[in-house]
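Engineer: below: sequence and its predicted model.
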Amino acid sequence: MSGLSSISSHSGLYVAGEWAEDPGREWLQVLNPSNEEVVGRIPLATRRDVDRAVDAAVEVHESGSWRAVDLAERVKLLEAIAQGIERRAADFDRTYVLDQGGLASFAGAITAMGANVFRATAVFAEQIDLGPTLRETLGEAVYLSREPVGPVAAIVPWNSPLNLAAVKIASALLAGCPIVVKVDPVAPLALFLLAEVIEEVGVPAGVVSFLPGGREVGEQLVSHPGIRAITFTGSTRAGQQVMIAAAQRMTRVMLELGGKSAAIALEDADPAQFAPLIAFGSVLQAGQVCTTQSRILVPASRKDEWIPALTEAFRALVVGDPADSATTVGPLATQAQLDRVEAFVARAREDGATVLTGGAKPKGSAFDRGYWYQPTLITDTNPEMQITCEEVFGPVITVQPYDDLDDAIAIANSTEFGLNNGIYTPDTDKAIAVAPRLTSGVVSVNTFGPSALAPYGGMKMSGMGREGGLEGVLEFTEIKQINVAHMS
């Protein structure tokens, strides 16, 4: 584990502004998904840690110590965190490869984005009017002020820990809210590094805490009476459980959940140009991204061009060591993910679908250990099949022809999800005109994911609320009306 600073030596968790130790904690070995070797050992949070972190956040909020910090000072701290990430970029890059199985060739961009989220969020301070501000309507005059909602619980998944935590933390801090971050133990190392950075730059005690743990820690956190807002990224099923817990105390929720997004290739898209782009984007991070465009829709009139082009593009993808710059598809994160992917493909075959490429673990001794699966392209599907309806969360993609644009939009909108549909065409004006007809929180044009620097989120079963951008900051604020009677 050399090169990862002090992560392997931490015997405590960053709770309420210090590295707290507890002999009663359990320890977890962190595995490299490429070879199942141990790359770290972390303590897991206990119920005492949850209570301590939330109690500290409540004290910070009720005392007004953080909300009283001038916006300009909050901006300086966000910028300091961004610079801290950049100083530790080599460590962050390495964690992305080691405990997440991410591509080394992509790690620098991931780390840079984490820093940029903090930096870009700071800019929105110029657009926040805390008030009180006078508003006149039909002769009535009231004052409006914008105030922090209170302690925030952030549930961060394993598939993008740095960037998703950055969006949640930066937005909450700028809004004036303390935040408790639940860290997924599958890939926790980046957030241990982020905790070090937050400590180093002098974020006040109690404003940010990190709690690595499983479902029990998450359940206690979102049910805690001190929490006033929850930002959750994860599966739709887990998001429903978060909503149930939040409803007991009317806690505000922002949910970014699962997806079954479509990539629509328009009639004017050249398969030779766009097939490699769509293939690469659909299996980025081995397809373990909620915004993955896992249903490729191609015009029936050009099916005989698109199917061979996509098949060739999938076969050209290189499965291998994520530390190798030539690799384009790394491992899945866990054995459970591998089992899930294998079950989906087996069911698709049983249902009559055709596997064009992949559909199995890669062969060779290099893949004897680790959680590997070939990029898999499937056709001959129908809307009732599991493979077209449910999120696989792996490198398994379907391709389906459509008759005309109306048909393509109907197919794209036919699932219960609505997260990140894509449009591929050389005519971006046409794509922008089509985008409002797609029922999804994000529409990507000639690319395969949302910007973390602008508001994003889902529709239907893909969630509610928005994260990122100015709107994401304002999600963590309340508007208060101050109605003043004028005495004569």
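Structural biologist: Good, I have the coordinates.
Engineer: start to end distance for stretch 347-361?
Structural biologist: Using CA to CA, to the nearest Å, the end-to-end distance of stretch 347-361 comes to 16 Å.
Engineer: return the distance of it from the chain's centre.
Structural biologist: 28 Å (CA atoms, centre = their mean, to the nearest Å).
Engineer: any idea of the mean pLDDT in it?
Structural biologist: Taken as a whole, stretch 347-361 carries a mean pLDDT of 98.
Engineer: then stretch 312-323?
Structural biologist: Here stretch 312-323 scores 97 as its mean pLDDT.
Engineer: please identify the buried residues of that stretch?
Structural biologist: Neighbour counts using 16 or more other CB atoms under 10 Å place 313-314, 317, 319-323 of stretch 312-323 among the buried residues. Using the backbone N, CA and C atoms, a C-beta is placed for each residue, glycine as well.
Engineer: tell me if I'm right that Ala45 and Pro212 touch.
Structural biologist: Yes: shown here, Ala45 and Pro212 form a contact pair, counting by CB atoms under 8 Å, at 5.8 Å.
Engineer: quick one: common contacting residues for those two?
Structural biologist: Common contacts of Ala45 and Pro212, defined by CB atoms under 8 Å, 6 or more residues apart in numbering, comprise Leu13.
Engineer: ok, those two, which is more surrounded?
Structural biologist: Neighbours per residue, other CB atoms under 10 Å: of Ala45 and Pro212, the larger number sits with Ala45, 31 against 25.
Engineer: confirm that that one sits in a strand.
Structural biologist: No: if the criterion is DSSP: H, G, I helix; E, B strand; the rest coil, then Ala45 is coil and not within a strand.
Engineer: which ones are touching it?
Structural biologist: Per CB under 8 Å, 6+ apart, neighbours of Ala45: 13, 15, 25, 211-213, 217.
Engineer: now with 6 Å?
Structural biologist: Counting by CB atoms under 6 Å, 6 or more residues apart in numbering, Ala45 makes contact with 211-213, 217.
Engineer: cool, Lys460 as well?
Structural biologist: Here Lys460 is in contact with 416, 418 (CB under 6 Å, 6+ apart).
Engineer: distance check, it against Leu438.
Structural biologist: Distance of Lys460 to Leu438, computed by CB to CB, to the nearest Å: 12 Å.
Engineer: so what's Gly24 scoring on pLDDT?
Structural biologist: Looking at Gly24, the pLDDT reads 86.
Engineer: sorry, wrong one. I was asking about His10.
Structural biologist: We have a pLDDT of 73 for His10.
Engineer: can you pull the contacts of it?
Structural biologist: His10 touches nothing, counting by CB under 6 Å, 6+ apart.
Engineer: and it, how far is that from Ala120?
Structural biologist: For His10, the distance to Ala120 - CB to CB - is 29 Å.
Engineer: what do you get for Gln127?
Structural biologist: Taking CB to CB, one finds Gln127 at 12 Å from Ala120.
Engineer: what about those two, which has more around it?
Structural biologist: Ranked by neighbour count (other CB under 10 Å), Gln127 and Ala120 place Ala120 first, with 21 against 10.
Engineer: burial count for the closest residue to that one other than its chain neighbours?
Structural biologist: Nearest non-adjacent residue to Ala120, counting by CB to CB, 6 or more residues apart in numbering: Leu453, 4.5 Å away. Close neighbours of Leu453, defined as other CB under 10 Å, add up to 18.
Engineer: in three-state terms, label Leu453 for me.
Structural biologist: coil.
Engineer: quick check: it vs Thr231, distance?
Structural biologist: 17 Å.
Engineer: low-confidence ranges, the chain, go.
Structural biologist: 1-9, 488 (pLDDT under 70).
Engineer: for it, which strand is longest?
Structural biologist: The longest strand of the chain (DSSP state E) is strand 140-148.
Engineer: which elements pack onto that one?
Structural biologist: When contacts are defined as 3 or more CB pairs under 6 Å, 6 or more residues apart in numbering; DSSP states H and E, strand 140-148 sits against strand 133-137, strand 477-482.
Engineer: name every strand pairing with the helix or strand following that strand and say which way it goes.
Structural biologist: Per DSSP states H and E, the first helix or strand lying C-terminal to strand 140-148 is strand 152-156. Strand 152-156 has its sheet partners listed here by DSSP bridges as strand 179-183 (parallel), strand 229-233 (parallel).
Engineer: residues contacting the last one, please?
Structural biologist: Identification of contacts with strand 229-233 by CB under 6 Å, 6+ apart yields 149, 152-155, 157, 164, 168, 222, 239, 242, 246, 251-256, 476.
Engineer: tell me the contacts of Val445?
Structural biologist: Here Val445 is in contact with 423, 428, 431 (CB under 6 Å, 6+ apart).
Engineer: phi, psi of the nearest residue to the second one once chain neighbours are set aside?
Structural biologist: By that I understand Thr428. Using CB to CB, 6+ apart and skipping residues adjacent in sequence, the residue nearest Thr428 is Val445, 5.7 Å away. Main-chain torsions, Val445, degrees, to the nearest 10: phi -110, psi 120.
Engineer: who does Val445 form a beta bridge with?
Structural biologist: With DSSP bridges as the rule, Val445 is bridged to Ile423.
Engineer: re earlier: now render the helices and strands packed on strand 140-148 as CSV, adding mean neighbour count and distance to Pro383.
Structural biologist: CSV is the format used below for these (neighbours: other CB atoms under 10 Å; distance: least, CB to CB, whole Å):
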stretch, mean neighbour count, distance to Pro383
strand 133-137, 10, 48
strand 477-482, 13, 41
